[in-house]
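**Student:** sequence unknown, structure follows:
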């Protein structure tokens with residue numbers, strides 16, 4: 001465990017030197033503040049607090065931005081080290097290969113966590129201190145930050161899997177971009193086409209299951225369906241119906257999307273020549 005933490009700290013220091021932490025935090029903070037203030041127009045119409053409206057806006061932002069940031073910082077975590085020759089140096093120390101992957105994963109996940117907690121926390125704190133609507137949205141906002149970190153873990157793990165399976169950094173970058181496009185853009189469009197083509201055939205239970213097959217959609221449901229006010233604002237209440245899974249189930253789905261690809265990445269790296 002000491003080796004894992006040492007590697008995690010090394011990755012976090014590298015990210016600090018490369019300005020990844022600062023860039024990701026400022027990006028999330030700036031966009032979150034903009035959405036918090038510009039996206040609060042419905043507050044007076046639907047009689048909910050601004051913090052709840054902010055949760056809905058930031059959920060949509062996170063679905064697109066967090067996976068992209070996670071993949072950008074993880075796609076060359078293994079293949080890049082191998083190409084530069086630094087992986088051989090690291091493996092010369094008394095560490096197991098799974099410890100290398102686990103340590104680098106924790107270091108990169110720390111980048112996502114810092115960016116989410118600071119970036120979104122500043123936006124949420126600004127809304128709260130403005131006194132616009134009370135404290136009803138605080139629990140939903142806290143769940144948003146926690147689930148954002150978990151969403152980042154899913155895509156960092158997917159980036160690691162891609163990084164251990166390919167031999168070139170350019171290939172890893174292409175695979176990472178493909179993962180983002182499929183998970184964030186193409187999957188929902190394809191699902192919409194299936195729903196339109198099979199109108200009345202797919203039940204609400206089947207629809208919820210199809211959504212859980214994608215970590216981005218599971219994250220969206222976690223934050224929008226789990227809160228009654230957020231469901232009403234986001235238009236998810238009717239779509240979810242009584243078939244919506246609980247937050248516990250959705251959290252387990254997100255956790256599985258992080259653990260399974262990371263385990264496969266460890267297995268692939270164990271069999272890889274460096």
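**Tutor:** Received it, and whenever you're ready, just let me know what you need. This one's a predicted model, so the numbers in the text were calculated from it and none came from an experiment.
**Student:** gap between the residue nearest to residue 130 when sequence neighbours are not counted and residue 123?
**Tutor:** Taking C-beta to C-beta, 6 or more residues apart in numbering, and ignoring the residues beside it in sequence, residue 130 has residue 50 as its nearest neighbour in space, at 7.5 Å. Where you see a C-beta, it was placed from the backbone N, CA and C, and this is true even at glycine. In this view, residue 50 and residue 123 are 11 Å apart by C-beta to C-beta, to the nearest Å.
**Student:** Following the chain past the lengthiest helix in the chain, name the next helix or strand.
**Tutor:** Longest helix in the chain, counting residues (DSSP state H): helix 97-129. Once the chain leaves helix 97-129, the next helix or strand it forms, by DSSP states H and E, is helix 138-165.
**Student:** which helices and strands sit right next to that following helix?
**Tutor:** Packing contacts for helix 138-165, counted by 3 or more C-beta pairs under 8 Å, 6 or more residues apart in numbering; DSSP states H and E, involve helix 50-74, helix 79-84, helix 97-129, helix 169-180, helix 215-224, helix 247-270.
**Student:** winner for burial among those helices?
**Tutor:** Of all those, helix 215-224 carries the top mean neighbour count, a mean of 25, counting by mean count of other C-beta atoms under 10 Å.
**Student:** now what about that one, what contacts it?
**Tutor:** Counting by C-beta atoms under 8 Å, 6 or more residues apart in numbering, the neighbours of helix 215-224 from elsewhere in the structure are 55-56, 59-60, 62-63, 67, 140, 143-144, 147-148, 150-151, 154-155, 183-184, 187-188, 208, 211-212, 230-231, 234, 236, 240, 244-245, 247, 250-251, 253-254, 257.
**Student:** so where's the protein uncertain?
**Tutor:** Within the chain, the segments meeting pLDDT under 70 span 39-49, 131-136, 198-201, 226-244.
**Student:** How about the residue in it that sits furthest from its center?
**Tutor:** In the chain, the residue that sits farthest from the middle, by C-alpha atoms, centre = their mean, is residue 92; the gap is 32.9 Å.
**Student:** any idea how far residue 106 is from it?
**Tutor:** 21 Å.
**Student:** Backbone dihedrals for residue 271, please?
**Tutor:** Backbone dihedrals for residue 271, given as degrees, to the nearest 10, come out at phi -100, psi 0.
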